[in-house]
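1. got a predicted structure here, sequence first:
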Amino acid sequence: MLTAGPAKKVILYVGEDHKYHGQSLYSAILNFLFYRGISGASVIRGIAGFGADHHLHTTRIERLTENLPIKIEFVESAEKVEELLPKLYEMVGTGLIEVQDTTVVKPSQASAQVSQVPVAPAKKIEGKAKLMRIFVGENDKWRDMPLHRALIESMRANDIAGVTVYQGIVGYGANRRIHKDTKLNLSHDRPMMLSVIDTEEKLRAYFPILDSMVQQGLVVLSDVDIIKYSHNIAGEQRGR
Amino acid sequence: MKIEGSAKMLRVHFGEDDKWNDKPLYRAIVEKCRELDIAGATVFRGIEGYGASTLIRRPHHLSFSHDAPVMVTVIDSDDKIQKLLPILDQMVAEGLIAISDVEVIKYSHQDGMRS
């Protein structure tokens, strides 16, 4: 958590249209910062600018979608910045990263904190791995967000290899309340199961974050053998 | 009730239309689990599948006769699962029951919520 005194200010310059794994780059970066427990970050959209490619990006051109400059700023301790930089470096692509020395005069008020665990960047997983199943309710919330969605985003931000959410039709858990999908009732609280597969150390490193997010539910771990884990690097070539 | 450490996960696969005493089998199993004080049970509906009968189960959105594949997942300690097994065996006329090892990482509810 940020305290008064010397700190680092990190500014990332990217384009609004830049993508990272299919989502917009700036929101991917913001998500990453959010789920890694950064005290705060701001995204500022420029009205004109140019970068390394010497292309002038401006709103004046009669196009609604112009690759406008985006500035993402956050202030953190030097150690935390050091820890996040490699991943940011990878994410930002052609963009620019700048780090300045700064002084925090007054830290912003912190709300509930998220535990921070350094997690190694994604790599290929093979052979023995772990399958983690998380059972929660559809209406469970984490900071006003559906819990299952927040979990997916936080796993993505923590480089977990993959997660799939299944929606159950009936079930009950620790609180003995039956969660049921009643067809004539829109306010359903169906059981949800997230199935997560990664190496044991990656999953164990993620436990503290998971623990802080899941207030009620069941989390179990079992052994699996990875037979195949591959993705299409070229991405959009799938249909060829 | 508290389950911790190593436990068992039992999965039962059958069809959504399967009945037990005129009640949907999946609902009957969930109720039976509750009766036996099993830690939890969840029913999932598949979108397509086939099983022992090699009949492809596929839900049809435009018809009322959908016999989608259904899976019930139950997690509890080994002895609880062993207690449940003979009962399930009797209830599930046609289907598959499988057991696997799991390690419980967290099992909590609101009452036991940490501050």
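-> Arrived safely.

2. when you work out contacts or count neighbours from here on, use the C-alpha atoms and nothing else.
-> OK.

3. now do the same for stretch A:41-58: mean pLDDT, whole number.
-> Confidence over stretch A:41-58 (mean pLDDT, whole number) is 79.

4. can you tell me what sits against that stretch?
-> A:16, A:26, A:30, A:33-34, A:59, A:66-75 (CA atoms under 8 Å, 6 or more residues apart in numbering or on different chains).

5. now, of these, which are buried?
-> Neighbour-count burial (16 or more other CA atoms under 10 Å in any protein chain shown) is assigned, among those, to A:16, A:26, A:30, A:33-34, A:66-75.

6. beta partners of B:Asp101?
-> With DSSP bridges as the criterion, B:Asp101 is bridged to B:Lys8.

7. that one and B:Ser6 touch, don't they?
-> Yes - counting by CA atoms under 8 Å, B:Asp101 touches B:Ser6, with 7.1 Å between them.

8. name the SS class of residue 82, please.
-> This is for chain A. Recorded secondary structure, A:Glu82: helix (DSSP: H, G, I helix; E, B strand; the rest coil).

9. my question was about chain B, not that one.
-> Applying three-state DSSP: B:Gln82 is helix.

10. could you check how far it is from chain A?
-> Per CA to the nearest CA, to the nearest Å, B:Gln82 is found 19 Å from chain A.

11. so which of the buried ones among the contacts of stretch A:41-58 comes closest to B:Asn21?
-> Nearest to B:Asn21 among the buried ones among the contacts of stretch A:41-58: A:Phe34, at 51.5 Å, using CA to CA.

12. which SSE is the residue nearest the centre of chain B in?
-> Most central in chain B under CA atoms, centre = their mean is B:Val72, positioned 2.0 Å from the mean C-alpha point. Counting by DSSP states H and E, the element that carries B:Val72 is strand B:69-76.

13. now do that strand, average pLDDT.
-> Across strand B:69-76, the average pLDDT comes to 92.

14. got the CA positions of it in CSV?
-> The C-alpha coordinates for strand B:69-76 follow below in CSV (Å, rounded to 0.1, in the frame of the first residue of the first chain):
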residue,chain,number,x,y,z
PRO,B,69,-27.0,-35.0,-20.1
VAL,B,70,-26.8,-34.1,-16.5
MET,B,71,-23.9,-34.4,-14.0
VAL,B,72,-24.2,-34.2,-10.3
THR,B,73,-21.0,-33.3,-8.4
VAL,B,74,-20.7,-34.2,-4.8
ILE,B,75,-17.7,-33.4,-2.6
ASP,B,76,-17.2,-34.7,1.0
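
15. what parts of chain B come near chain A?
-> Contact residues (CA under 8 Å from any CA of the partner chain) of chain B with chain A: B:27, B:30, B:34, B:39-45, B:101-110, B:113-114.

16. and A:His55, how many neighbours?
-> When neighbours are defined as other CA atoms under 10 Å in any protein chain shown, A:His55 has 10 of them.

17. show me chain A divided up by domain.
-> Chain A breaks down into these domains under automatic domain parsing: A:5-104, A:127-226.

18. what's the most buried one of those domains?
-> Among the domains of chain A, ranked by average contacts under mean count of other CA atoms under 10 Å in any protein chain shown, first place goes to domain A:127-226 (a mean of 19).

19. what about it, near chain B?
-> Yes - using CA under 8 Å from any CA, domain A:127-226 reaches chain B at A:166-176, A:191, A:211, A:215-223.
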